[in-house]
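Engineer: no FASTA, just this:
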């Protein structure tokens, strides 16, 4: 009876913590504005096919090439192939967000289970995992990403795998360090005493208590993933042409920058705004989980 009461009180405490985190997050106006902006972009990327025709973003029309913004119904102008820049920007948003969010989600899931298992079990398993991570961490993540995407070739899923693989080591090390501080706490011992299996304890008790670290790290990683995905597209390692992708748009406009600077400025501003919003929300979420970072009281 006592152990069940302890676990129930622990669950109520967690719910109270989440409410407190949300209250602190709402007080951060910049973080809330960034969150609303990101939600708007996500909804836009989901609904874009129901609003506009994808062919307008990929069909070549040399008659309309390099039109300045506001010309003949093209709000942001056209590119050197006569394609509407606004359409390419909107359809390219989906690729950017997939790379940013999906790679952060996948790497955080793998890192969470691997780091939680390593910190929870310890011993030989922990030693083996940490030695492997030390070897992987000795190589810069961006280099791992470039090697993977170069080996698999260009494409959306190739870029997604490459970015995810490059992040797993960092996620695992961070989450393992957080798990070490909770693996020996009373509620974990209570769960063991009740006969719970190790995997059940990891999923139900260990990971939920380091969820703040996982969410913050994943959210902050989104910004870096967006920039990394753009870099891969700029290097020609992104999705194949003529699919719209912001990094590829930068590359295409670079040769015309002297006479048509909007070809570089427009996708550049879009990348900057999206990455900055993701980073601002990540910073706000981090402060909400740990108000001591700003000298606030819990």
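Structural biologist: Great, that's in hand. Note that the structure is a prediction, hence the values are computed from the model and not measured.
Engineer: When you work out contacts or count neighbours from here on, use the C-alpha atoms and nothing else.
Structural biologist: OK.
Engineer: didn't residue 133 look like it was pressed against residue 169?
Structural biologist: Yes: Residue 133 lies in contact with residue 169 (Cα atoms under 8 Å); the separation is 5.7 Å.
Engineer: Tell me which of those two has more neighbours.
Structural biologist: Neighbour count, other Cα atoms under 10 Å: between residue 133 and residue 169, residue 169 has more, with 25 against 16.
Engineer: Tell me which residues touch the more buried one, please.
Structural biologist: By Cα atoms under 8 Å, 6 or more residues apart in numbering, the contact set of residue 169 is 111, 133, 136, 137.
Engineer: Residue 122: which of those residues is nearest?
Structural biologist: residue 133 (14.6 Å; Cα to Cα).
Engineer: separation between that closest one and residue 165?
Structural biologist: 12 Å (Cα to Cα, to the nearest Å).
Engineer: One more: residue 158?
Structural biologist: Computed as Cα to Cα, the residue 158 to residue 165 distance reads 11 Å.
Engineer: quick one: buried residues of stretch 42-56?
Structural biologist: 42, 44, 45, 48, 54, 56 (16 or more other Cα atoms under 10 Å).
Engineer: Over to stretch 268-278?
Structural biologist: Buried, per 16+ other Cα under 10 Å, within stretch 268-278: 268, 271, 274, 275, 277, 278.
Engineer: how many other residues sit next to the closest residue to the fifth one other than its chain neighbours?
Structural biologist: With sequence-adjacent residues excluded and distances taken as Cα to Cα, 6 or more residues apart in numbering, residue 277 is closest to residue 34, at 4.7 Å. As a burial measure, the neighbour count of residue 34 was computed by other Cα under 10 Å and equals 21.
Engineer: what's the helix or strand for residue 34?
Structural biologist: helix 29-51 (DSSP states H and E).
Engineer: swap in residue 106?
Structural biologist: helix 103-121.
Engineer: Over that helix, what's the mean pLDDT, rounded is fine.
Structural biologist: Per-residue pLDDT values across helix 103-121 average out to 88.
Engineer: angle of the helix or strand following it against helix 103-121?
Structural biologist: Per DSSP H and E, the first helix or strand lying C-terminal to helix 103-121 is helix 123-137. Counting by axes from the mean of the first three to the mean of the last three Cα atoms, to 10 degrees, helix 123-137 lies at 150 degrees to helix 103-121.
Engineer: Quick one: list the elements packing against helix 123-137.
Structural biologist: helix 103-121, helix 156-180 (3 or more Cα pairs under 8 Å, 6 or more residues apart in numbering; DSSP states H and E).
Engineer: buried residues in that helix?
Structural biologist: Under the neighbour-count criterion of 16+ other Cα under 10 Å, helix 123-137 has 126, 129, 130, 133, 136, 137 buried.
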